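Chemist: mind folding the following:
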Amino acid sequence: MTKYTSDYLRVSQTAFGQGALSPGGPQELSEILQGLDLTGKRVLDIGCGLGGFTCLLSKNFGAAYVEGHDVVPLLVEEAQRLVKSHGLAAEVSCKLVAADGNIAALDDSFDVVFSKDSIIHIPNKAHFYREIRRVLKAEGLFVASDWLRSDEPESEAMIKWRKGSGQPEPMVSQTEAKTFLSQAGFEQIELRDRNPWYADFIPQEIAAVKRALENEQMSSEVRELFEDRLSSTLLKLDLVKAGEHRPTHLRAFKPNT
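Modeler: Residues are numbered from 1 along each chain as shown. The predicted structure is shown next:
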């Protein structure tokens, strides 16, 4: 798993924006939630990270209550600070949970389970999708974005990128994700491939990291982190352009049975 430090968070937020550990910002969040009404809903945010998207689910999309879960103490601390700074303590809660593949919530307790590019870190996807279904209320919705891959065997470049990014296991393919969701008991499963969008967007990440390297004061240790991020992102761009790395939006419905 990625080693999260304050310096690492500086690098990530340079690439992705304040409060975010994945790309696209509020615009991509709007794409994920396109056509959905969260007004009055109880929402669980899996892998809340720094809390940027967690807060937006409440502020911009009207969720009545948002509970963010993460397994990294530093991230949860930062998320809690962000929640407080936005004055959302009554509407948003971010909690540290165990990294055991189980969801720390009661059965049938949320209207929506949301996740932004975090489920890639969970080894047993089939089990975790069952956990998501368990904590959803009847007729609840799972809506997420995740890093998936094509159905082809991993290339050497993909193996290099994911291991360098702290991913010991291969990413799930789009076909595998749909199969796991179906086997977990979900219906109305939809996958929306975001590879073309990300191919256009990722140069912005690269430019932001290059600007920081050129213009910001930083220690040699931090500079090394920025240079590593630049190399990793350039490799990721090649994988996206080749069609192997496929960011994907997912939706799945829990039937009333």
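Chemist: CA only for contacts and neighbour counts going forward, please
Modeler: Fine.
Chemist: just confirm residue 72 contacts residue 98, I think it does.
Modeler: No. Here residue 72 does not reach residue 98: they are 9.1 Å apart, not a contact under Cα atoms under 8 Å.
Chemist: those two: who's more crowded?
Modeler: residue 72 (19 against 12; other Cα atoms under 10 Å).
Chemist: excluding sequence neighbours, find me the nearest residue to the more buried one.
Modeler: Excluding the flanking residues, the one nearest residue 72 by Cα to Cα, 6 or more residues apart in numbering is residue 96, at 6.9 Å.
Chemist: show me the contacts for the one you found.
Modeler: With contact set as Cα atoms under 8 Å, 6 or more residues apart in numbering, residue 96 has these partners: 69, 70, 71, 72, 73, 76.
Chemist: next, it: phi, psi?
Modeler: Per-residue torsions, residue 96: phi -80, psi 130 (degrees, to the nearest 10).
Chemist: any idea what it is bridged to?
Modeler: Note on residue 96: beta-bridge partners by DSSP bridges are residue 70.
Chemist: average pLDDT across stretch 219-233?
Modeler: In this model, stretch 219-233 carries a mean pLDDT of 97.
Chemist: quick one: residues in contact with it.
Modeler: So stretch 219-233 is contacted by 7, 8, 11, 161, 164, 165, 202, 205, 206, 209, 210, 213 (Cα under 8 Å, 6+ apart).
Chemist: regarding residue 115, what is its secondary structure?
Modeler: strand (DSSP: H, G, I helix; E, B strand; the rest coil).
Chemist: and what of residue 247?
Modeler: Going by three-state DSSP: residue 247 is strand.
Chemist: wait, it touches residue 197, no?
Modeler: No. Assessed by Cα under 8 Å, residue 247 is found out of contact with residue 197, at 9.0 Å.
Chemist: out of those two, which sits in the more crowded spot?
Modeler: More neighbours surround residue 247 than the other of residue 247 and residue 197, with 23 against 13 (other Cα under 10 Å).
Chemist: name the nearest residue to the more buried one, ignoring sequence neighbours.
Modeler: For residue 247, ignoring the flanking residues on the chain, the nearest one in space by Cα to Cα, 6+ apart is residue 147 at 4.6 Å.
Chemist: tally of neighbours for the one you found?
Modeler: With other Cα under 10 Å as criterion, residue 147 counts 21.
Chemist: that one looks like it's in a helix, true?
Modeler: No. Applying three-state DSSP, one finds residue 147 to be strand, outside a helix.
Chemist: for it, give its distance to residue 221.
Modeler: 28 Å (Cα to Cα, to the nearest Å).
Chemist: and what of residue 248?
Modeler: If you go by Cα to Cα, the gap between residue 248 and residue 221 works out to 33 Å.
Chemist: neighbour count winner among those two?
Modeler: residue 248 (22 against 9).
Chemist: touching, that one and residue 145? I think so.
Modeler: Yes. Counting by Cα under 8 Å, residue 145 is a contact partner of residue 248 at 5.6 Å.
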